[in-house]
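*Asks:* only geometry, no sequence info:
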């Protein structure tokens, strides 16, 4: 009797187990790249974010010359004139992107490459590091300067290491961007360099609105003038304003003491200090395509 | 007496072992889950091949009794063609907290389609779980049974608000529609 029951159990148990789906969920999960900032750039600096492979990105930015202090008669500076930058970027891979931009100041043509080097997923201190290198070609050389457009002195070179982190439960993005610029001013007899320690802070109020601040102090090197007609010296750059994110668009509306746009010009510094009379209105609009 | 027990056990086994089970064949590249959203002339779609799951039933006939099914889609793998939009979509879906959309249910109807051999029109009733919210759903679909494998197709609609999902912006100041169309097509291998 006992042996028979045992036989029955031996035969029945496997069949009872078999009377269930044998399917097991796939344990492998899709890895999502660490996402810190919502965009590939702030108004003046790169972030560690890159475009997806095959994605395009367009930017148009203005820095108005008249200061806000000129009041209603100059429409707080919006009557212009303005320095303008327009740029297009392309995602080579999910980690690498190219950008080509042009600034109206000295007709500075900027070509740069950004690569996301590494990322560290951490609950309270996620981090990412990217490297950006670029070359700028100044194509508007005054007639009094006896130099062809393709002269080597018209070219500038820069490299930026970008560090980003995201704090306060994803609300506060922080960026630190040590930057090195070679041939800071194309009109100098001797080659100059500028080393700055850019830093920026973006607070995301919600999915749409945010505010931010950028500061780019020069640590060493050249901080003089960069274009004919300028006087005095350059100063550390400061900017702050609002960001509006909607769909693939970013709108940056802000005030700054720096009207220079392309990296090889911005990194030298602002043409005026951050005194109360020297603030200018500015904007940047980007579209991720 | 001993022989009687053995006979009973064998009989039970014979009765219980007949079951059908299909698993999604994840190696097939043509597997596709696609959602489409349209609004005011704009539209976009997201696609993934990362669908997994099973159909199981007992008995010798197709979906004879106690049939059940479960399908899950990896939301982090959805590709809309633009990296930024993928990221926004993952945020909207809360894919870090709820990385899968899961359909659990059973086939309540299946009938042969006259024009296609070994093809069946089916109706599934069950629950779909998305964004941490579970809702009853009814899904019409079709199954083509081949040697060793089957092809599943279905198309149905979802309303984002039903799952506490806020419609994201598609472009500046234009929000996507609340109504999303889902189309699935994938292969299942017969494991029993």
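*Replies:* Sure thing, it's come through. Here the structure is a predicted model, which is why all the values come from computation and not from measurement. Residues are numbered from 1 along each chain as shown, chains lettered A, B, ... in the order given.
*Asks:* Could you check which helix or strand contains residue B:104?
*Replies:* For residue B:104, the host element (DSSP states H and E) is strand B:100-112.
*Asks:* What are the contacting residues of the helix or strand following that strand?
*Replies:* Proceeding N to C from strand B:100-112, the next assigned helix or strand is strand B:119-130, under DSSP H and E. With contact meaning Cβ atoms under 8 Å, 6 or more residues apart in numbering or on different chains, strand B:119-130 is reached by B:62, B:69, B:93, B:98, B:100-113, B:134-145, B:154, B:158, B:163, B:165. Where C-beta positions appear, they are placed from N, C-alpha and C, glycine not excepted.
*Asks:* could you redo the last one with a cut-off of 6 Å?
*Replies:* By Cβ atoms under 6 Å, 6 or more residues apart in numbering or on different chains, the residues outside strand B:119-130 that reach it are B:101-105, B:107-113, B:134-144, B:163.
*Asks:* Show me the shaky parts of the stretch 1-150 of chain A.
*Replies:* For the stretch 1-150 of chain A, applying pLDDT under 70 flags the ranges A:1-19, A:27.
*Asks:* Looking at it, which residue is nearest chain B?
*Replies:* Nearest to chain B in the stretch 1-150 of chain A, going by Cβ to the nearest Cβ, is residue A:52, at a distance of 2.3 Å.
*Asks:* mind checking the backbone torsions on that residue?
*Replies:* With angles defined as degrees, to the nearest 10, residue A:52 sits at phi -70, psi 160.
*Asks:* Which elements pack onto the strand holding residue B:104?
*Replies:* strand B:65-74, strand B:119-130 (3 or more Cβ pairs under 6 Å, 6 or more residues apart in numbering or on different chains; DSSP states H and E).
*Asks:* mind checking how far stretch A:127-140 is from the chain centre?
*Replies:* 10 Å (Cα atoms, centre = their mean, to the nearest Å).
*Asks:* and that stretch with chain B, contact?
*Replies:* No. Stretch A:127-140 does not reach chain B (Cβ under 6 Å from any Cβ of the partner chain); its nearest approach is 13.9 Å.
*Asks:* Enumerate the positions of that stretch that are buried.
*Replies:* Of all the residues in stretch A:127-140, those buried under the rule 16 or more other Cβ atoms under 10 Å in any protein chain shown are A:127, A:128, A:129, A:130, A:132, A:134, A:136, A:137, A:138.
*Asks:* Do a quick rundown of the helices in chain B.
*Replies:* For chain B, the helices defined by DSSP state H occupy B:2-16, B:83-93.
*Asks:* Going by mean pLDDT, which of the ones you listed comes out lowest?
*Replies:* Among the helices of chain B, helix B:2-16 carries the lowest mean pLDDT, a mean of 54.
*Asks:* Look up phi and psi at residue A:129.
*Replies:* Dihedral angles (degrees, to the nearest 10) for residue A:129: phi -130, psi 140.
*Asks:* Give me the secondary structure label for the residue lying closest to it once chain neighbours are set aside.
*Replies:* The shortest distance from residue A:129 to any non-neighbouring residue, by Cβ to Cβ, 6 or more residues apart in numbering or on different chains, is to residue A:117 (4.8 Å). Following DSSP: H, G, I helix; E, B strand; the rest coil, residue A:117 is assigned to strand.
*Asks:* What residue in chain B comes nearest to chain A?
*Replies:* residue B:83 (2.3 Å).
*Asks:* can I get the buried residues of stretch A:127-140 in CSV with distance to residue A:223?
*Replies:* Shown next, in CSV, are these (distance: Cβ to Cβ, whole Å):
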residue, distance to residue A:223
A:127, 30
A:128, 30
A:129, 27
A:130, 26
A:132, 21
A:134, 20
A:136, 17
A:137, 22
A:138, 18
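*Asks:* Neighbours of the closest residue to the residue of the stretch 1-150 of chain A closest to chain B other than its chain neighbours, how many?
*Replies:* Distances taken as Cβ to Cβ, 6+ apart put residue B:83 closest to residue A:52, at 2.3 Å, once the chain neighbours are dropped. Residues lying near residue B:83 (other Cβ atoms under 10 Å in any protein chain shown) number 23.
*Asks:* burial count for residue A:42?
*Replies:* 24.
*Asks:* I misspoke; the intended subject was residue A:201.
*Replies:* 16.
*Asks:* Figure out the helix or strand that it lives in.
*Replies:* Residue A:201 belongs to strand A:193-204, assigned by DSSP H and E.
*Asks:* Counting by contacts, list what that strand packs against.
*Replies:* On a contact count with 3+ Cβ pairs under 6 Å, 6+ apart, strand A:193-204 meets strand A:172-182, strand A:209-216, strand A:218-221.
*Asks:* how far out from the middle of the chain is stretch A:75-94?
*Replies:* 13 Å.
*Asks:* Hmm, I typed the wrong one, I wanted stretch B:144-155.
*Replies:* Distance, stretch centre to chain centre, for stretch B:144-155: 12 Å (Cα atoms, centre = their mean).
*Asks:* for stretch A:238-256, same thing?
*Replies:* On Cα atoms, centre = their mean, the centre of stretch A:238-256 falls 12 Å from that of its chain.
*Asks:* Between its first and last residues, how far does it reach?
*Replies:* 6 Å (Cα to Cα, to the nearest Å).
*Asks:* check contacts around residue B:84.
*Replies:* So residue B:84 contacts A:248, A:288 (Cβ under 6 Å, 6+ apart).
*Asks:* make it 10 Å
*Replies:* Residues in contact with residue B:84 (Cβ atoms under 10 Å, 6 or more residues apart in numbering or on different chains) are A:35, A:38-40, A:49, A:51-52, A:55, A:57, A:245, A:247-248, A:250, A:287-289.
*Asks:* Over to residue B:20?
*Replies:* Neighbour list for residue B:20: B:55-64, B:67, B:190-192 [criterion: Cβ under 10 Å, 6+ apart].
*Asks:* Taking those, please make a PyMOL selection of just the buried ones.
*Replies:* A single PyMOL command selects the buried members of these (16+ other Cβ under 10 Å):
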select buried, chain B and resi 55+56+57+58+62+63+67+190
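*Asks:* Can you verify my assumption that residue A:119 contacts residue A:128?
*Replies:* Yes. Using Cβ atoms under 10 Å, residue A:119 makes contact with residue A:128 at a distance of 4.3 Å.
*Asks:* how many other residues sit next to residue A:65?
*Replies:* 15.
*Asks:* now the closest residue to it other than its chain neighbours: how far from residue A:193?
*Replies:* Spatial nearest neighbour of residue A:65, excluding adjacent residues (Cβ to Cβ, 6+ apart): residue A:81 at 5.2 Å. Applying Cβ to Cβ, to the nearest Å, the value for residue A:81 to residue A:193 is 30 Å.
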